[in-house]
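In: Quick one: sequence and predicted model below, then my questions.
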Amino acid sequence: MTSTPLVDIRHATRAFGEHLALDDVSLQIGTGELVGLLGPNGAGKSTLISLLNGLRKPTSGTVRVAGRDPRVPANRVVIGSTPQETGLPPTIKVREVVDFVARHYPDPDDTAALFDRFGLTELAGRQCGSLSGGQQRRLAVALAMVGRPDLVLLDEPTTGLDVDARQSLWSAIEDYQAGGGTVLITSHYLEEIQRLAERVVVIDRGQILVDDSTQAVIDRVDVDRVELSSEDSRLDTLPGVASLARAGDRVTLLTADADALVRALVSERIEFSRLRVTGASLEDAFAHLTRTAA
Amino acid sequence: MPASTPSMLRIAGAHAKLNLLENVREPIAIIGTTVFPTLALLFFVVPQSAIADDPTAATGAAAQLGAFAVMSVCIFTFGIGIAEDRARPFDGYVRSLPAGPLPQFLGRLRTGVLLMLMGLAAVTLVASTLTEARLSPDRLMLTLGTLLLGALPLLLIGFAVGYTLTQKSAIAVAQLLFFGFAFGGGMFIPPDGFPSWLDAISQWLPSRSSRDLVVWAVGSGDVAAQTFTTLALWGMAGAALTVWGFRRDEGRRFR
């Protein structure tokens, strides 16, 4: 007997007027998985989250969580999600907003234990408007988990946090999964995805480009950028060149192995100057992925 | 088997508590409802011994200010309050929680009723101690009943403003409506002082009806059939606009 996946999205499309935020997206997530949703800004990550937490309905296709439609309020007891960064009432205290959200769920977590886990104990009596960005983010993740839902949706949970805060949030997320929870986390930080996710779904311009294990995805997006000035036409025949772009005499190459590329440049006696090697940004990698996926 | 959820009342209670806390922490709504009518009593009624010393007139004046306090909650707390909440990102987050829009609505309603009671308590206190206003116990129930009845269309108008307008527009429209209704309804200058054309317009205002009703209930005036017609018409208009605004809001933001 096959079990229904916890998250079951089939051919979901979401249009906002002319703009297709999601285009025929299908995604299944099983219980206990920790899935990273990676993509540049505007890729459709937040729209996908909004379909899962019932805020939006797909223009076509189906979205089911635990076999039910998250548009029905009662079905959302199995879902917890993070509020937007600015989305907390400024005059309400931390302990009050946690209590407010907790009361929506039948079996919420013990508040003191939750505060302890997220380092919110000293902040419990502070008004939300007085919290720093990092503190608000911690609170946001705590709010997603307070109801002890089966599925937790974290939308860019550690953006803008310092290293320590990030580490401690990552621990909390890992503990949650270890306790049987399922997590979908959106990010545009490769390091975060590498640390937390076993499976990564890459999305860009409303479409899923890759859905694979973390290592496989990293290998595909972990490219270096080699810039040089050269008129030589043999550049595109070099081994390991994933993409090449020319602007005048300036050439930009993306490759998985910059060292091999440079060695080849030298051994082939290709004329070049002003060589620069840097790690490619995620945007470069996405651009590369989009081209290879097309 | 559907997942179990906490009862709707429990969730509505959570919303009511949050809403009340916000009003207490930024108490402009509380101050507006209690201080305004009290000041009006102190400056315009108490010094005028012709009114203050005459039980009928004083009670009538107090009743009108009670209706005034109730109207201010309907139009400001609900009208502007709802529009303001809708403009916040927190509203979107609340919608993602395992409850529909009804608990939030009920929570708001409870806060509104509490604010009305606060305003009425303030008016009653000042009127009973500083004027000859008196209300017999049997009249009290009738008065409260008429206050509620008169408030209904105004409440619906407040909801309509809150759900159909953006925050900035809501603030402007609420003020226009409130002062227009208050003046035109005879809450500032008694209707007997109105020229006949103004009186004719006034009869069609919900504020006039609510004022007339409560003044009758305390034994200081009369009502006419027109009173009820006006209430019914505004009630229906308010309800229709509210439903339309609510649906349109849902369609724009949550569909």
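Out: Structure received. Numbers count the residues shown, from 1 in each chain, chains lettered A, B, ... in the order given.
In: residue ranges for the helices of the stretch 101-250 of chain B, please.
Out: Assigned by DSSP state H, counting those that start in this stretch, the stretch 101-250 of chain B shows helices spanning B:101-130, B:137-164, B:167-184, B:196-202, B:206-217, B:225-253.
In: How about the residues of the stretch 51-200 of chain B by chain A?
Out: Applying C-beta under 8 Å from any C-beta of the partner chain, we find that the stretch 51-200 of chain B lies next to chain A at B:Arg88, B:Pro89, B:Phe90, B:Gly92, B:Tyr93, B:Arg95, B:Ser96, B:Leu97, B:Pro98, B:Ala99, B:Gly100. Quick note: C-beta positions are derived from backbone N, CA and C, even for glycine.
In: pLDDT at the third one, what is it?
Out: B:Phe90 carries a pLDDT value of 93.
In: Against B:Arg253, how distant is it?
Out: Applying C-beta to C-beta, to the nearest Å, the value for B:Phe90 to B:Arg253 is 13 Å.
In: okay, the two: which has more neighbours?
Out: Comparing B:Phe90 with B:Arg253 by other C-beta atoms under 10 Å in any protein chain shown, the one with more neighbours is B:Phe90, at 20 against 13.
In: which SSE is the more buried one in?
Out: Take DSSP states H and E as the rule and B:Phe90 turns out to sit in helix B:89-95.
In: quick one, domains of chain A?
Out: Per automatic domain parsing, the structural domains of chain A span A:7-220, A:223-293.
In: Just name the most buried of those domains.
Out: Highest mean neighbour count among the domains of chain A (mean count of other C-beta atoms under 10 Å in any protein chain shown): domain A:7-220, with a mean of 19.
In: Would you mind measuring the gap between the ends of that one?
Out: Taking C-alpha to C-alpha, to the nearest Å, the first and last residues of domain A:7-220 lie 26 Å apart.
In: tell me the average confidence for that domain?
Out: Regarding domain A:7-220, the rounded mean pLDDT is 92.
In: Same question for stretch B:4-24.
Out: Mean predicted confidence for stretch B:4-24 is 91.
In: Over to stretch B:73-84?
Out: 92.
In: same thing with stretch B:122-132?
Out: Per-residue pLDDT values across stretch B:122-132 average out to 90.
In: Return the set of buried residues in it.
Out: For stretch B:122-132, burial by neighbour count (16 or more other C-beta atoms under 10 Å in any protein chain shown) applies to B:Ala122, B:Val123, B:Thr124, B:Val126, B:Ala127, B:Thr131, B:Glu132.
In: Make JSON lines out of the residues you listed and add distance to A:Val77.
Out: Formatted as JSON lines, the buried residues of stretch B:122-132 follow (distance: C-beta to C-beta, whole Å):
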{"residue": "B:Ala122", "distance to A:Val77": "42"}
{"residue": "B:Val123", "distance to A:Val77": "44"}
{"residue": "B:Thr124", "distance to A:Val77": "44"}
{"residue": "B:Val126", "distance to A:Val77": "48"}
{"residue": "B:Ala127", "distance to A:Val77": "49"}
{"residue": "B:Thr131", "distance to A:Val77": "55"}
{"residue": "B:Glu132", "distance to A:Val77": "58"}
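In: nearest to B:Ala237, of the residues you listed?
Out: Comparing the buried residues of stretch B:122-132 against B:Ala237 with C-beta to C-beta places B:Val123 closest, at 28.1 Å.
In: Could you pull up the residues touching that closest one?
Out: Under the criterion of C-beta atoms under 8 Å, 6 or more residues apart in numbering or on different chains, the neighbours of B:Val123 are B:Pro37, B:Thr38, B:Leu41, B:Ala62, B:Leu65, B:Gly66, B:Ala69.
In: B:Trp216 too?
Out: Residues in contact with B:Trp216, defined by C-beta under 8 Å, 6+ apart, are B:Thr146, B:Asp222, B:Val223.
In: for B:Phe36, same thing?
Out: Counting by C-beta under 8 Å, 6+ apart, B:Phe36 touches B:Phe68, B:Ala69, B:Ser72.
In: now do 6 Å
Out: By C-beta atoms under 6 Å, 6 or more residues apart in numbering or on different chains, the contact list for B:Phe36 is empty.
In: re the thing from before, what two of the buried residues of stretch B:122-132 are the furthest from one another?
Out: Greatest spacing in these, by C-beta to C-beta: B:Ala122 and B:Glu132 (18.2 Å).
In: Tell me which residue is most central in chain A.
Out: Centroid-nearest residue in chain A: A:Thr186, 2.2 Å away (criterion: C-alpha atoms, centre = their mean).
In: how about it, secondary structure?
Out: For A:Thr186, the secondary-structure state derived from DSSP: H, G, I helix; E, B strand; the rest coil is strand.
In: Now for it: which residues touch it?
Out: Counting by C-beta under 6 Å, 6+ apart, A:Thr186 touches A:Leu37, A:Lys45, A:Asp155, A:Glu156.
In: and chain A, which of its residues are near chain B?
Out: Taking C-beta under 6 Å from any C-beta of the partner chain as the criterion, chain A approaches chain B at residues A:53, A:55, A:57, A:73-74, A:76-78, A:81, A:83-84, A:86-87, A:89, A:91, A:100, A:103-104, A:106.
In: again, 7 Å this time
Out: A:53-55, A:57, A:73-78, A:81, A:83-84, A:86-89, A:91-92, A:96, A:100-101, A:103-106 (C-beta under 7 Å from any C-beta of the partner chain).
In: Return the subset of these lying in helices.
Out: A:Glu96, A:Phe100, A:Val101 (DSSP state H).
In: ok, A:Gly181 touching A:Val152?
Out: Yes. Here A:Gly181 reaches A:Val152: they are 5.8 Å apart, a contact under C-beta atoms under 7 Å.
In: need the contact list for residue 208.
Out: With no chain named, the answer covers chain A. Remark: with contacts taken as C-beta atoms under 7 Å, 6 or more residues apart in numbering or on different chains, A:Ile208 is in contact with A:Val25, A:Leu27, A:Val201.
In: my question was about chain B
Out: Neighbouring residues of B:Arg208 by C-beta under 7 Å, 6+ apart: B:Gly184, B:Gly185, B:Gly186, B:Pro191, B:Ser202.
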